[in-house]
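In: fold the stuff below for me.
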Amino acid sequence: MAVVVASAAALGLIGWGTLQLVDVFGGGGDKYTASGATTACRARTEAAPAARVHALPAPGRITVNVYNATKRPGLAKSTADELRKRGFKIGDVGNASGQYDKKVKGAGILLGSAAAQDTSLRVLGTQLAGAEARADIRKGTDVDLVIGDAFKGLSQPAAAKRALTALTAPEPTASPKKGC
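Out: As a prediction, this is how the structure comes out:
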């Protein structure tokens with residue numbers, strides 16, 4: 001009796017497995033892809049962006065102008081000196097223009113061309129948490145750091161390095177939902 005039950009179970013499994021293989025590799029109509037994923041799952045995974053690494057310039061390729069918009073003297077120079085130690089090129093250093101002088105309430109403003117928004121300003125932004133990035137109409141590649149009233153100092157070097165590493169790390173791709 002046990003042999004009959006075992007034989008029936010084995011035949012049932014073989015039959016079920018054959019049906020699954022035929023369905024998967026036979027196309028299974030519109031509902032399934034060749035990989036066995038449903039059409040909805042295939043659409044979700046095909047729409048997901050591929051992992052990518054941002055092409056960002058190294059700090060040594062970025063010229064930063066540092067301007068002090070606070071009442072604290074010497075802040076632009078000391079900040080520029082620290083940025084130089086971290087590998088950035090330093091351009092102009094001094095007081096902020098009238099447009100920003102004593103008018104920046106946050107930690108700082110990062111200014112650059114529209115093209116710098118996703119490149120140089122992102123790299124510079126790793127050095128000052130909470131800085132606001134803005135595009136202006138400049139033609140050159142230099143970027144500005146305008147130091148504001150809430151400025152307490154640049155990010156700690158280790159934290160800035162982690163933030164820079166995170167910028168250049170691959171972004172994860174979306175994984176299909178369970179059941180795909």
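
In: low pLDDT regions in the protein?
Out: 1-13, 15-54, 170-180 (pLDDT under 70).

In: any idea where the strands of it begin and end?
Out: Under the criterion DSSP state E, the chain contains strands at 63-68, 89-95, 108-112, 132-135, 143-147.

In: tell me the domain ranges of this protein?
Out: Domain ranges of the chain: 2-47, 59-168, per automatic domain parsing.

In: what's near enough to touch Gly108?
Out: By Cβ atoms under 8 Å, 6 or more residues apart in numbering, the residues touching Gly108 are 128, 130-132, 145-148, 151. For glycine as for every other residue, the C-beta is placed from the backbone atoms N, C-alpha and C.

In: save those as CSV, and put in neighbour count and distance to Ile14 too.
Out: Formatted as CSV, the contacts of Gly108 follow (neighbours: other Cβ atoms under 10 Å; distance: Cβ to Cβ, whole Å):
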residue, neighbour count, distance to Ile14
Leu128, 24, 66
Gly130, 13, 64
Ala131, 25, 66
Glu132, 15, 66
Leu145, 29, 70
Val146, 27, 74
Ile147, 26, 74
Gly148, 23, 73
Phe151, 22, 73
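
In: name the residues that touch stretch 80-97?
Out: In contact with stretch 80-97 (Cβ under 8 Å, 6+ apart) are residues 58-69, 76-77, 101, 104, 124, 127, 142, 145-147, 154, 157, 160.

In: how about that stretch: buried residues?
Out: Judged by neighbour count using 16 or more other Cβ atoms under 10 Å, the buried positions of stretch 80-97 are 80, 83, 86, 88, 90, 93, 96.

In: out of these, what pair is the most spread apart?
Out: Arg86 and Ala96 (21.4 Å; Cβ to Cβ).

In: leaving out chain neighbours, which residue sits closest to Gly112?
Out: Val143 (3.9 Å; Cβ to Cβ, 6 or more residues apart in numbering).

In: let me know whether the one you found touches Arg61 as I believe.
Out: No: Val143 lies out of contact with Arg61 (Cβ atoms under 8 Å); the separation is 11.2 Å.
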